[in-house]
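Participant: Task: produce atomic coordinates for the following.
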Amino acid sequence: MSWFKREVKGIITTTEEKKEAPDGIWNKCPNCKKPLHYTEQVENQYVCHYCGYHLRIGSKEYFSILFDDNQYTEIFPHLRSGDPLNFTDTKKYTDRLKDTIAKTGLDDAIRAAHGKIGGLDIMIACMDFNFIGGSMGSVVGEKIARSIDYSIQNKVPFLMISKSGGARMMEAAFSLMQMAKTSAKLALLAQARVPYISLLTDPTTGGVTASYAMLGDINIAEPGSLIGFAGPRVIKETIKKDLPKGFQTAEFLQEHGFLDFIVDRREMKEKLSSFLGMMKN
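Facilitator: Reported below is the predicted structural model:
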């Protein structure tokens, strides 16, 4: 049956011999819809080389981009959330945590590590959106608090990379208290005259925006990032007015004075190194 096999110069090939591309080698840019090869993504620091769209990445990728030679020491790596409210919706919170930990390889929605950027010491806490939408629970607040303590004790600048859907509803008031807790810790950091840089990425919303994400000595965002407290639909229904074009984008916020800089991810390490050098002096 020649329909099901080819014969070319004596070599027979069948559909059984075809090799499929491994998962993750290719994906599509969410903005321009053009195909992106994984190697090209890594080389271009996960920015689409066609349209400049900044792909969503996690702590592993940010650490590799920012820390010198990808060398860093992670602190408090195994903190995990409890279930103080015995929360159950369609699924038990404890079961969802177990499933998410197994799926992502993360213990919660944040990792913290210290190392060097451009030869200068720094402490970085970075959120992971893949862990329950980067939601802020008690572990997120505790890791940020301990990271700030490390910065104060060692006089090391603190960089917070935010990427979150907001407070984690499964922890209710325990989650909301992290807003006050982290803000109080940042006040102590300011009293100790230790620099704090806040980097807001896509998306940064809810209680995270309402607390530590907007309290930096320098507030930076990546291009096109969604940044806000409540969603546009909720705001529109509340104020009964149409929202301006580009509302809640990094560019809109910078134009209205909420951000100091918008920095391309490919230039981020150089810019941060420059800021750290100025702050040190």
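
Participant: Look up how far Gly216 lies from Met179.
Facilitator: Separation of Met179 from Gly216 (C-beta to C-beta, to the nearest Å): 15 Å. Just so you know, the C-beta spots here come from the backbone N, C-alpha and C atoms, and that holds for glycine as well.

Participant: same thing with Val140?
Facilitator: Distance from Val140 to Gly216, by C-beta to C-beta: 17 Å.

Participant: Kindly report the same for Ile117.
Facilitator: Relative to Gly216, Ile117 is positioned 16 Å away (C-beta to C-beta).

Participant: repeat for Tyr62
Facilitator: Tyr62 is 16 Å from Gly216, where distance means C-beta to C-beta.

Participant: Who has more neighbours out of these two?
Facilitator: Set side by side, Tyr62 and Gly216 show more neighbours around Tyr62, with 24 against 21, by other C-beta atoms under 10 Å.

Participant: For the more buried one, pull up the helix or strand it's in.
Facilitator: For Tyr62, the host element (DSSP states H and E) is helix 59-66.

Participant: what comes into contact with the helix or strand just after that helix?
Facilitator: Per DSSP H and E, the first helix or strand lying C-terminal to helix 59-66 is strand 72-74. Strand 72-74 is contacted from outside by 63, 111-115, 124, using C-beta atoms under 8 Å, 6 or more residues apart in numbering.

Participant: could you pull out the helices for the stretch 151-281 of the chain?
Facilitator: Along the stretch 151-281 of the chain, counting by DSSP state H, counting those that start in this stretch, helices occupy 172-191, 206-209, 232-239, 250-255, 265-280.

Participant: Deepest in the core, which of these is it.
Facilitator: For the helices of the stretch 151-281 of the chain, the largest average neighbour count (mean count of other C-beta atoms under 10 Å) is found in helix 206-209, namely a mean of 24.

Participant: quick one: contacts of that one?
Facilitator: Helix 206-209 has contacts (C-beta under 8 Å, 6+ apart) with 127, 134, 136, 162, 164-167, 175-176, 178-179, 200, 227-230.

Participant: can you tell me which of these are in strands?
Facilitator: 127, 162, 164, 200 (DSSP state E).

Participant: Contacts only, for the residue nearest to the last one when sequence neighbours are not counted.
Facilitator: The shortest distance from Leu200 to any residue that is not its chain neighbour, by C-beta to C-beta, 6 or more residues apart in numbering, is 4.4 Å, and that residue is Ala221. Contact partners of Ala221, counting by C-beta under 8 Å, 6+ apart, are 199-201, 204, 227, 250, 253-254, 259, 261-263.

Participant: Please pick the buried ones from those residues.
Facilitator: The neighbour count (16 or more other C-beta atoms under 10 Å) marks 199-201, 204, 227, 250, 253-254, 259, 262-263 as buried among these.

Participant: Now stretch 35-47: buried residues?
Facilitator: For stretch 35-47, burial by neighbour count (16+ other C-beta under 10 Å) applies to 36, 41, 45-47.

Participant: In those, find the pair that's most separated.
Facilitator: Spatial extent of the buried residues of stretch 35-47 (C-beta to C-beta) is set by the pair Leu36 and Gln45 at 12.5 Å.

Participant: Do you have the strands of the stretch 1-150 of the chain handy? List them.
Facilitator: Per DSSP state E, counting those that start in this stretch, the stretch 1-150 of the chain carries strands over the ranges 5-8, 11-14, 26-28, 35-37, 72-74, 110-117, 120-127.

Participant: So which elements touch the helix holding Tyr62?
Facilitator: With contacts taken as 3 or more C-beta pairs under 8 Å, 6 or more residues apart in numbering; DSSP states H and E, helix 59-66 sits against strand 110-117, strand 120-127, strand 158-164, helix 265-280.

Participant: Centre-most residue in the chain?
Facilitator: With distances taken as C-alpha atoms, centre = their mean, Lys163 lies nearest the centre of the chain, 3.7 Å away.

Participant: Tell me if I'm right that that residue and Phe129 touch.
Facilitator: Yes. Using C-beta atoms under 8 Å, Lys163 makes contact with Phe129 at a distance of 4.8 Å.

Participant: what is in contact with the two at once?
Facilitator: With C-beta under 8 Å, 6+ apart as the test, Lys163 and Phe129 both reach 56, 58, 203.

Participant: so who does the first one touch?
Facilitator: In this case it means Arg56. Contact partners of Arg56, counting by C-beta under 8 Å, 6+ apart, are 129, 163, 201-202.

Participant: now do 7 Å
Facilitator: Arg56 sits next to 129, 202 when contact means C-beta atoms under 7 Å, 6 or more residues apart in numbering.
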